[in-house]
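> one predicted model, sequence on top.
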Amino acid sequence: MSYPPADDRLRHLLAQEINTRVDSWKIAFLIADDIVKSPQIRREVARIVSAHTTGRPCGDRNCAHCFAAQYANPSQESPA
């Protein structure tokens with residue numbers, strides 16, 4: 001079994017990023033836990049995954065995947 005387990009990787013990855021900005025790993029882990037459990041965030045992640053799975057741009061201006069695809073295929077219109 002690799003650490004962190006597959007069902008907890010998102011929380012651990014978020015906590016690692018948060019921990020660069022806060023003084024305590026415990027605080028970072030608690031914040032990450034709240035983020036992962038948020039219904040709004042879970043819906044948004046599902047929406048983005050669905051768009052990418054079907055080959056559509058997700059419309060998120062911070063999405064590196066869609067940003068790179070825009071320059072790889074400039075004729076493709078991005079959503080407004």
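Happy to help now that I have it. Numbering: from 1, shown residues only.
> elements contacting the longest helix that the chain contains?
Looking across the chain with DSSP state H, the single longest helix is helix 39-53. Packed against helix 39-53, as judged by 3 or more CB pairs under 8 Å, 6 or more residues apart in numbering; DSSP states H and E, are no other helices or strands. Every residue, glycine included, has its C-beta placed from N, CA and C.
> residue closest to the middle of the protein?
In the chain, the centroid-proximal residue (CA atoms, centre = their mean) is V45; its distance is 6.3 Å.
> kindly state the pLDDT recorded for it?
As predicted, V45 sits at a pLDDT of 91.
> which ones are touching it?
Under the criterion of CB atoms under 8 Å, 6 or more residues apart in numbering, V45 has no contact partners.
> distance-wise, check it relative to I35.
Using CB to CB, to the nearest Å, we find V45 at a distance of 10 Å from I35.
> identify each buried residue in the helix or strand of the chain with the lowest mean pLDDT, please.
The least trusted helix or strand in the chain, going by mean pLDDT, DSSP states H and E, turns out to be helix 64-72, with a mean of 78. By 16 or more other CB atoms under 10 Å, the buried positions in helix 64-72 come out as 66, 69.
> tell me what angle it forms with helix 39-53.
Helix 64-72 runs at 30 degrees relative to helix 39-53, counting by axes from the mean of the first three to the mean of the last three CA atoms, to 10 degrees.
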